[in-house]
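> can't give you the sequence, but here's the structure:
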Ligand code: R5P
């Protein structure tokens with residue numbers, strides 16, 4: 001049985017369809033003080049898959065604690081979590097003495113609740129695989145950049161090949177994977193971050209003049225990373241700049257600001273529900289669940 005929450009309905013229905021699995025909903029009530037009451041279907045089969053992305057992570061980590069523990073009490077023996085966007089993966093070291101290494105803590109917490117944790121493009125920068133933070137081979141990391149690469153290539157006639165550009169060093173992996181799937185070539189910029197909304201992006205050597213450029217990254221949050229990269233590319237004469245991300249977190253007016261600075265189209269996968277969703281990750285998740 002696939003257990004899902006109403007605010008991820010589209011992906012839940014697509015995933016249940018791909019898997020041929022019955023779909024049931026976790027009902028949620030919010031008390032005035034912020035506490036959460038969850039109600040699961042009272043009769044659960046032995047194998048349950050829970051779909052819950054970790055956008056808005058703090059509330060959802062509590063939802064997952066309540067869901068996993070309750071599902072086991074109701075008879076589920078194996079519970080897999082599908083969290084297309086896995087939050088807290090960027091804080092992967094203590095940058096100052098005393099800082100929590102959130103990646104390790106959150107991955108360990110989820111690994112203790114679920115038998116498998118499937119996710120897409122977690123932000124693994126300084127570690128090679130999820131196993132390093134979620135022991136017991138419980139973590140399965142899938143990649144959606146090839147899907148974006150193929151989507152991007154299909155938006156132009158065969159005679160026009162857009163250039164993929166990663167806005168920072170960490171995005172090199174997604175530029176490479178999207179490029180391998182689509183045959184598109186790419187460049188990677190260098191980013192300096194001074195604060196949540198204060199970044200500088202330095203473009204690499206190589207001409208972008210007259211080129212159709214597509215920025216590609218694992219996620220956009222405030223959108224400042226993409227915005228700074230787009231400004232630089234347009235100043236250097238790019239014919240157009242579009243943007244594609246796996247996880248469309250886009251806080252507040254991020255998309256409007258991108259468009260105001262000259263970004264044309266903004267595309268994303270449906271790992272996080274958002275108006276920019278154009279590519280579904282449901283087949284990718286279903287395939288991995290069948291093999292897990
Ligand atoms: C971090 O390196 C990520 O890949 C993104 O580039 C970053 O988190 C985007 O954040 P924002 O949209 O707030 O600049």
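Received, thanks. As the structure is a computational prediction, the values presented were derived from the model and not from experiment. Numbering: from 1, shown residues only.
> where does the stretch 151-292 of the chain come near the ligand, residue by residue?
Proximity of the stretch 151-292 of the chain to the ligand, by Cβ under 6 Å from any ligand atom, involves residues 167-168, 170-171, 199, 217-225. (C-beta placed from N, C-alpha, C; glycine too.)
> Let me know the closest of these to residue 4.
Of all these, residue 4 sits closest to residue 219, with 21.6 Å by Cβ to Cβ.
> Can you tell me the SS state at the closest residue to that closest one other than its chain neighbours?
Once flanking residues are discounted, residue 219 sits nearest to residue 247: 3.9 Å by Cβ to Cβ, 6 or more residues apart in numbering. Under DSSP: H, G, I helix; E, B strand; the rest coil, the three-state class of residue 247 is strand.
> OK, contacts around residue 247?
Residue 247 sits next to 55, 84-85, 120-121, 218-220, 268-269, 271-272 when contact means Cβ atoms under 8 Å, 6 or more residues apart in numbering.
> Select from these every entry located in helices.
Among these, no residue falls in helices (DSSP state H).
> In strands, which of the residues of the stretch 151-292 of the chain next to the ligand appear?
Secondary structure from DSSP state E places 199, 217-220 of these in strands.
> Tell me who's in contact with residue 135.
Per Cβ under 8 Å, 6+ apart, neighbours of residue 135: 108, 111.
> thinking again about what came up before, compare the ones in strands among the residues of the stretch 151-292 of the chain next to the ligand and tell me which is most surrounded.
residue 220 (28 neighbours; other Cβ atoms under 10 Å).
> Let me have the contacts of residue 247 in a markdown table, adding pLDDT as columns.
What follows is the contacts of residue 247, written out as a markdown table (pLDDT from 0 to 100):
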| residue | pLDDT |
| --- | --- |
| 55 | 97 |
| 84 | 98 |
| 85 | 98 |
| 120 | 98 |
| 121 | 96 |
| 218 | 97 |
| 219 | 97 |
| 220 | 98 |
| 268 | 98 |
| 269 | 98 |
| 271 | 98 |
| 272 | 98 |
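> in the stretch 1-150 of the chain, which spans are strands?
Under the criterion DSSP state E, counting those that start in this stretch, strands of the stretch 1-150 of the chain are mapped to 2-4, 23-25, 27-30, 36-39, 47-51, 78-82, 116-120, 139-142.
> So which of the ones you listed is the most surrounded?
Greatest average neighbour count among the strands of the stretch 1-150 of the chain goes to strand 116-120 (a mean of 24), per mean count of other Cβ atoms under 10 Å.
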